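>>> any chance you could fold what I've pasted below:
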Amino acid sequence: MSDELSPSPESGAVQDSPLIRSLRSALDAAPRDLPLRLHLAQLLLDAGRLDAAVGEVAVALSQEPADPEARALMARAMGGATPAAVETPGTTSAAPPQQQPPRPAGFDWVAAEEEVEGVVPPRFVAPRTPGTPEAPLAADGSGDPGGASAWDVEAPEGLRLADVGGMQEVKDRLEAAFLAPMRNPDLRRLYGKSLRGGLLLYGPPGCGKTFIARAVAGELGANFISVSISDVLDMWIGNSERNMHEVFATARRKAPCVVFLDELDALGAKRSRTQHGGLRNTVNQLLTELDGVGDVNEGVFVLAATNVPWDVDLALRRPGRLDRTLLVLPPDRPARQAILRYHLSGRPIASVDLGKLVKITDGFSGADLAHVCESAAESALLDSARTGSVRMIGMADLLAAAKAIRPSTEAWFATARNVAMFANDGGTYDDLLTYLRKSGKL
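A predicted model of the protein is given here:
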């Protein structure tokens, strides 16, 4: 039909066709439906709506940076250019522009409806396998599945400590205190090295503690269970303790297995400050489970992470439990370069000086660096939408984003400095004091 895109009499703006409006409505209900978004981008591109198509493809690339169809659509929308690789100073990435494809003369509505049939799912309906019950039942017949089958056991294949950029001191500490004894059981027995206890990772938020825990699991070739307070805490008396026990029961069956206790200050808060009796009982249950490490829990390795180790119950940190502590600091220069390269690799960029960007982002966490790349991409996208001319993400965008974003680690160091100076009982925070002196924060 000829009225697929028609100017509005009031504003002169281009109106969406009914099919495109339907696809946009479907995306509002399922924003992470990548095939549907790419189909909408294809229709917009075929209709000559370059700006709108680039916007949809940019969202798709932010979800799946390496998706070949999304990258091909972006290249087509930009006139044949391909997303540039990260460059060193003095290099260029400009590609010769190509002619835009001609706008189709007509539109086959019947073919379009057949093409999207089955692609747009019913709203608010979760898919399930035919023949399975609507939801699993617990042993007591209640709607809460509970039990060991409710815990997701992952196998982080391919992920190793070598995939963690920089942080060599952290890797060395992990190797000496945790990995080498586990990989060499004969040497461990020779030197009388015990596997009792676990490792507590602490430091400012967004610096990769969870990623390091997954890398340790991959290094050991072990399964991985991540546990947070929302997984354990339950409103019914006794269920929280049962959930905590089931975590370790599952880990024993799946050994070798790494149990990662995320936000330990919530799971194992100081009982003297806890008013809720159920939470105190959960901490007691966790202490009981940790006492089994190295005996009935052979092959179960416990890692924990927290931003506020001074709020963790002292009993959790006694020898035989989480007795080894490792400070995870903001990424160093090699780590920042690796993080920035990763977050820029799936985006159209030009003439980016990584060395300069790494230098001005000292003190940024990994999450801060990801935010810098995201903000720069938003700036370029908005500028392209306003001018009608698609452009690459440039160094100016990244520098402006880095200047506008304040490192999220500053507030943490302000608190940690007081703790390290005035509450360093037994030298617990000696490594933090050393870093504060070296960095001039003390």
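>>> pLDDT score for the closest residue to Asn297 other than its chain neighbours?
Of all residues not flanking Asn297 in the chain, Arg252 sits nearest, at 6.2 Å (CB to CB, 6 or more residues apart in numbering). C-beta: built from backbone N, CA, C; applies to glycine. pLDDT for Arg252: 86.
>>> correct me, but Arg252 touches Glu289?
No. Assessed by CB atoms under 8 Å, Arg252 is found out of contact with Glu289, at 10.1 Å.
>>> need the residues touching each of those two.
Jointly contacting Arg252 and Glu289 under the rule CB atoms under 8 Å, 6 or more residues apart in numbering are Asn297.
>>> what about those two, which has more around it?
Taking other CB atoms under 10 Å, Arg252 and Glu289 do not tie; Glu289 has more neighbours (22 against 17).
>>> which secondary structure state does that one sit in?
At Glu289 the chain is in helix, as set by DSSP: H, G, I helix; E, B strand; the rest coil.
>>> look up how far Ser272 lies from it.
Using CB to CB, to the nearest Å, Glu289 is found at 21 Å from Ser272.
>>> and if you look at Val352?
Distance, Val352 to Ser272, by CB to CB: 51 Å.
>>> who touches the residue lying closest to Ala251 once chain neighbours are set aside in this structure?
Counting by CB to CB, 6+ apart, Ala251 lies nearest to Cys257, which is 4.2 Å off, once chain neighbours are set aside. The neighbourhood of Cys257, defined by CB under 8 Å, 6+ apart, consists of 153, 222-225, 250-251, 299-301.
>>> repeat that for Leu327.
The neighbourhood of Leu327, defined by CB under 8 Å, 6+ apart, consists of 202-203, 431-432, 435.
>>> how about the contacts made by Asn369?
You called it Asn, but residue 369 is Leu. Each residue near Leu369 by CB under 8 Å, 6+ apart is listed here: 331, 336, 339-340, 343, 361.
>>> and it, what element?
According to DSSP states H and E, Leu369 maps onto helix 366-387.
>>> verify the stated contact: Gln42 with Leu73.
Yes. Counting by CB under 8 Å, Leu73 is a contact partner of Gln42 at 6.6 Å.
>>> so for the two, which sits in the more crowded spot?
Neighbours per residue (other CB under 10 Å) separate Gln42 from Leu73, with Leu73 holding more: 22 against 17.
>>> any idea how far the more buried one is from Asp262?
Taken as CB to CB, the span from Leu73 to Asp262 is 37 Å.
>>> go on, Leu61?
For Leu61, the distance to Asp262 equals 29 Å [CB to CB].
>>> can I assume Ala370 is in contact with Arg347?
No. With contact defined as CB under 8 Å, Ala370 does not reach Arg347; the gap is 11.9 Å.
>>> who's more crowded, the two?
Neighbour totals were compared for Ala370 and Arg347, and Arg347 leads with 23 against 16 (other CB under 10 Å).
>>> confirm that one sits in a strand?
No. Counting by three-state DSSP, Arg347 is located in no strand; its state is coil.
>>> how about the contacts made by it?
Applying CB under 8 Å, 6+ apart, we find Arg347 in contact with 61, 65, 83, 373, 377, 393.
>>> poorly predicted segments of the stretch 51-200 of the chain, please.
The model of the stretch 51-200 of the chain has pLDDT under 70 over residues 79-151, 155-158, 194-197.
>>> so the residue nearest to Val258 when sequence neighbours are not counted: helix, strand or coil?
Excluding its sequence neighbours, the residue lying closest to Val258 (CB to CB, 6+ apart) is Ala217, at 4.0 Å. Of the three states, Ala217 takes helix under three-state DSSP.
>>> what residues does Ala217 make contact with?
Counting by CB under 8 Å, 6+ apart, Ala217 touches 154, 156, 159, 223-224, 258, 260.
>>> near Val259, how many other residues are there?
29.
>>> many thanks, have a good one.
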